[in-house]
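Colleague: Compute the structure for the input listed below.
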Amino acid sequence: MTPDAAKVVSSLVMAYLLIGVSFAGVFVTRWAERLDPGVRGSTRGFRVMILPGSIILWPLLAMLLLARRAQ
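Modeller: Numbers count the residues shown, from 1 in each chain. Got it, this is the predicted structure:
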């Protein structure tokens, strides 16, 4: 891999993770309850546990939220 290609890949990964961190912050505090009513009243520890998965899987979670909203 050339250094230029590595920079592009690195930039794309960083952008993906920055969007994921922004999305996950809101998701675990507000939107998780829309997908699973069982999250309502959950502890802070549970929300911290789902944070890494929310960061990585943010596109899937966003699509699920949009599909739920369309119903």
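Colleague: Please make it C-alpha for all contacts and neighbour counts, starting now.
Modeller: OK.
Colleague: any idea whether Ile55 is helix, strand or coil?
Modeller: Under DSSP: H, G, I helix; E, B strand; the rest coil, the three-state class of Ile55 is helix.
Colleague: Name the nearest residue to it, sequence neighbours excluded.
Modeller: Gly20 (4.3 Å; Cα to Cα, 6 or more residues apart in numbering).
Colleague: just Val39 next, same as before
Modeller: Ranked by Cα to Cα, 6+ apart and with sequence neighbours excluded, the top spatial neighbour of Val39 is Glu33, at 5.3 Å.
Colleague: And that neighbour, how close does it get to Ile19?
Modeller: For Glu33, the distance to Ile19 under the criterion Cα to Cα, to the nearest Å works out to 20 Å.
Colleague: Measure how buried the residue nearest to Leu57 when sequence neighbours are not counted is and give me the count.
Modeller: When the adjacent residues along the chain are set aside, Leu57 lies closest to Gly20, with 7.7 Å between them (Cα to Cα, 6+ apart). Using other Cα atoms under 10 Å, Gly20 is surrounded by 21 other residues.
Colleague: Repeat that for the one 3 residues further on.
Modeller: Here the number of neighbours of Phe23 (other Cα under 10 Å) works out to 20.
Colleague: from what I can see Ile50 touches Phe27, true?
Modeller: No: applying Cα atoms under 8 Å, one finds Ile50 not in contact with Phe27, separated by 9.7 Å.
Colleague: Show me which of those two is the more surrounded one.
Modeller: Neighbour count, other Cα under 10 Å: between Ile50 and Phe27, Phe27 has more, with 24 against 14.
Colleague: Can you name the residues that contact that one?
Modeller: Taking Cα atoms under 8 Å, 6 or more residues apart in numbering, we find Phe27 in contact with Ser54.
Colleague: Over to it. Which of the three states is it?
Modeller: Per three-state DSSP, the secondary structure class of Phe27 is helix.
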